[in-house]
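Participant: Sequence first, predicted coordinates after that:
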Amino acid sequence: MTDRQTTRRAFVTALGALTAAGLVPRPATAAGGAPAAAPDAPRVARGLAPSPDDFAFEPGLVYLQTGSLGPTPRPVMERTMAAWKELELNPAAYGYGAHEIAMELVRAKAAAFIGCGKEEVVLTNCTTEGMNWVASGLTFTAGDRVLTTDQEHPGGRVCWDYAVRRHGVVLDVVNIPPGENDAQAIVDRFAKAITPRTRVLSFSHLLSSTGLRMPVAELSALARKRGCIAVVDGAQAVGGIDVNVKALGCHVYATSGHKWLMAPKGTGLLYLSDDLGKAVDPIALESGRGAYSASSGVCSIPSVLGLAAAMDYHTAIGTAKIEAYNLALRQRLFAALASVPKLRLVSPAAGPLTSPLVSFVLPDAVKSGDLHTRLRARHIEVKVVPGQWFNGNRISTHLFNTEQDVDALVAALKVELA
């Protein structure tokens, strides 16, 4: 047995010992945060959650906001806290020893989760950080061009705005009008907008605004054909739908742990394809792509180990099962929203372009922020779509949501918009 195998075994054993010794607190409440039920009372898990204790929502909350911040399941929190408790027993010994080794195992697990090699994965704090590293790691000259869309999340757009200001890059923008869900039209617009100076095609996997599942494989193939780098903002995808970056064909894929993966907040992944070579070369990776290096510095070690627990949680349920469940729940919502007065659906109907995100536009007289406030008063949490896109709200359902959650939202909307 190698030294690393011995250390890893010692680390796993230590985590188990902490839990067995009661150093990791056990839930004192039932699912949803309500007082614990009597031992003989029936207790039901939420959606696909394996246990009724998996989520710590406050009583009565209908949470439809995973697209912004996903809830971390109790098993993931427990493993994260167990790692933190162990780290503090001897910070240097564990932080630069067993835990550092364990973080490299997280990188390997993440690579398998998204379908690439370990050395193609970098651990980050979020999607935005990954996108920033890419933009700052490319070498631009004045007049180089980046092609993106008008539906990008600010966290995936600001890096290119920086390149415009700092390096004289020209930013070209393809329009994707909300409600026009035509994959071929999007590909055609990109193809028409590429110039001899276009260096990068940057686009989302799932649009944060409407949930449209973008034609990533087709756009990546187009980028490669035209000598461009395909950069994908995958913040809304990993954990909610199956993602295989090699099958998608992109050069770069950035995503977060804090949304659909339901990992500790402040975790993320960046895929840099081997065929990029040194084309993306940020200072943070000067000393390599390891979880800890001289150029990246110390990260939140417990959070990284919690990211592994989140991937384990998803894998135990099954990625394909989660995606199918999410889409079925989404279709129930989509169909029901069609009967709600005063709103107009702009997300795709059933088909290959759908995702677990559903958005609708409101009439000018009904402000999305006001509706959000009224729904929150009813203990229903939804997303206000940023005003630069449209006046509306976005719903995101995940594995812990139920048909009852969807029905509660629709009933509330019918009252509020009557």
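Facilitator: The structure has been received and is ready for your questions.
Participant: Tell me where the stretch 301-418 of the chain has strands.
Facilitator: Secondary structure of the stretch 301-418 of the chain by DSSP state E, counting those that start in this stretch: the strands cover 344-345, 357-361, 380-381, 383-384, 392-396.
Participant: So for residue 50, which of those sits nearest?
Facilitator: When the strands of the stretch 301-418 of the chain are compared by CB to CB, strand 392-396 sits nearest residue 50, at 21.2 Å. Every C-beta, even on glycine, is put in place using the N, C-alpha and C of the backbone.
Participant: Show me the contact partners of the closest one.
Facilitator: Residues from elsewhere that reach strand 392-396 (CB atoms under 8 Å, 6 or more residues apart in numbering): 64-68, 208-211, 240, 333, 343, 346, 356-362, 368, 371-372, 382-385, 409.
Participant: picking up where we left off before, mean pLDDT, mean neighbour count and distance to residue 146 for the strands of the stretch 301-418 of the chain - can I get that in CSV?
Facilitator: What follows is the strands of the stretch 301-418 of the chain, written out as CSV (pLDDT from 0 to 100; neighbours: other CB atoms under 10 Å; distance: least, CB to CB, whole Å):
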stretch, mean pLDDT, mean neighbour count, distance to residue 146
strand 344-345, 96, 18, 31
strand 357-361, 98, 25, 25
strand 380-381, 98, 21, 35
strand 383-384, 98, 18, 27
strand 392-396, 98, 26, 26
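Participant: Those: which one's closest to residue 195?
Facilitator: strand 357-361 (31.7 Å).
Participant: helices and strands around the closest one, which ones?
Facilitator: In terms of contacts (3 or more CB pairs under 8 Å, 6 or more residues apart in numbering; DSSP states H and E), strand 357-361 is packed against helix 319-337, strand 344-345, strand 392-396.
Participant: Wasn't residue 203 part of a helix?
Facilitator: No: going by DSSP: H, G, I helix; E, B strand; the rest coil, the assignment for residue 203 is strand, not a helix.
Participant: Now for it: which residues touch it?
Facilitator: Taking CB under 8 Å, 6+ apart as the test, what residue 203 contacts is 148, 149, 152, 190, 214, 216, 219, 231, 232, 233.
Participant: How about residue 413?
Facilitator: 337, 340, 343, 375.
Participant: returning to that earlier point: now a ChimeraX select for only the buried ones of the contacts of strand 392-396.
Facilitator: Command for ChimeraX that selects the buried part of these, burial taken from 16 or more other CB atoms under 10 Å:
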select :64,65,66,67,208,209,210,211,240,333,343,346,356,357,358,359,360,361,362,368,371,372,382,383,384,385,409
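Participant: which residues of this protein fall in helices?
Facilitator: Remark: helices assigned in the chain by DSSP state H are 3-20, 74-87, 91-93, 99-114, 127-137, 154-167, 183-193, 216-225, 245-248, 301-317, 319-337, 368-377, 403-416.
Participant: Mean pLDDT added to those, as a markdown table?
Facilitator: A markdown table is the format used below for those (pLDDT from 0 to 100):
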| stretch | mean pLDDT |
| --- | --- |
| helix 3-20 | 39 |
| helix 74-87 | 97 |
| helix 91-93 | 96 |
| helix 99-114 | 97 |
| helix 127-137 | 97 |
| helix 154-167 | 96 |
| helix 183-193 | 97 |
| helix 216-225 | 98 |
| helix 245-248 | 98 |
| helix 301-317 | 97 |
| helix 319-337 | 97 |
| helix 368-377 | 97 |
| helix 403-416 | 97 |
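Participant: right, so of the ones you listed, which gets closest to residue 271?
Facilitator: The nearest among the helices of the chain, by CB to CB, is helix 245-248 at 4.9 Å.
Participant: Quick check: buried residues in that closest one?
Facilitator: 245, 248.
Participant: which ones are touching the residue lying closest to residue 356 once chain neighbours are set aside?
Facilitator: Once flanking residues are discounted, residue 356 sits nearest to residue 326: 4.0 Å by CB to CB, 6 or more residues apart in numbering. For residue 326, the contact set (CB under 8 Å, 6+ apart) comprises 240, 241, 356, 397, 398, 399.
Participant: I'd like those written out as CSV, with distance to residue 57 added.
Facilitator: Output for the contacts of residue 326, formatted as CSV (distance: CB to CB, whole Å):
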residue, distance to residue 57
240, 18
241, 23
356, 18
397, 14
398, 12
399, 14
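Participant: gap between stretch 194-209 and the chain center?
Facilitator: 19 Å (CA atoms, centre = their mean, to the nearest Å).
Participant: ok so, going back, could you identify which of the contacts of residue 413 has the most neighbours?
Facilitator: Neighbour tally across these (other CB atoms under 10 Å): the maximum, 21 neighbours, falls on residue 337.
Participant: Would you agree that residue is in contact with residue 347?
Facilitator: No: Residue 337 lies out of contact with residue 347 (CB atoms under 8 Å); the separation is 9.2 Å.
Participant: overlap in contacts of those two?
Facilitator: By CB under 8 Å, 6+ apart, residue 337 and residue 347 have these common neighbours: 358, 360.
Participant: And the pLDDT for the residue nearest to residue 200 when sequence neighbours are not counted?
Facilitator: Excluding the flanking residues, the one nearest residue 200 by CB to CB, 6+ apart is residue 146, at 4.5 Å. Per-residue pLDDT puts residue 146 at 98.
Participant: domain ranges for this protein?
Facilitator: Per automatic domain parsing, the domain ranges recorded for the chain read 102-314, 319-416.
Participant: which residues sit in contact with residue 160?
Facilitator: 135, 146, 148, 169, 171, 200, 202.
Participant: Tally up the residues packed near the third one, please.
Facilitator: Translated: residue 148. As a burial measure, residue 148 scores 22 neighbours (other CB under 10 Å).
Participant: do you know how far it is from residue 138?
Facilitator: 14 Å (CB to CB, to the nearest Å).
Participant: Please apply the same query to the second one.
Facilitator: When distances are taken as CB to CB, residue 146 and residue 138 turn out to be 9 Å apart.
Participant: Now for those two: what residues contact both?
Facilitator: Taking CB under 8 Å, 6+ apart as the contact rule, residue 146 and residue 138 both touch 163, 199, 200.
Participant: ok, back up a step: hey, which of the domains of the chain is tucked in deepest?
Facilitator: For those, the largest average neighbour count (mean count of other CB atoms under 10 Å) is found in domain 102-314, namely a mean of 20.
Participant: you'd agree residue 269 is up against residue 258?
Facilitator: No: using CB under 8 Å, residue 269 makes no contact with residue 258, being 11.5 Å away.
Participant: mind checking which of the helices of the chain is nearest residue 49?
Facilitator: Minimum separation from residue 49 across the helices of the chain (CB to CB) falls at helix 301-317, 8.3 Å.
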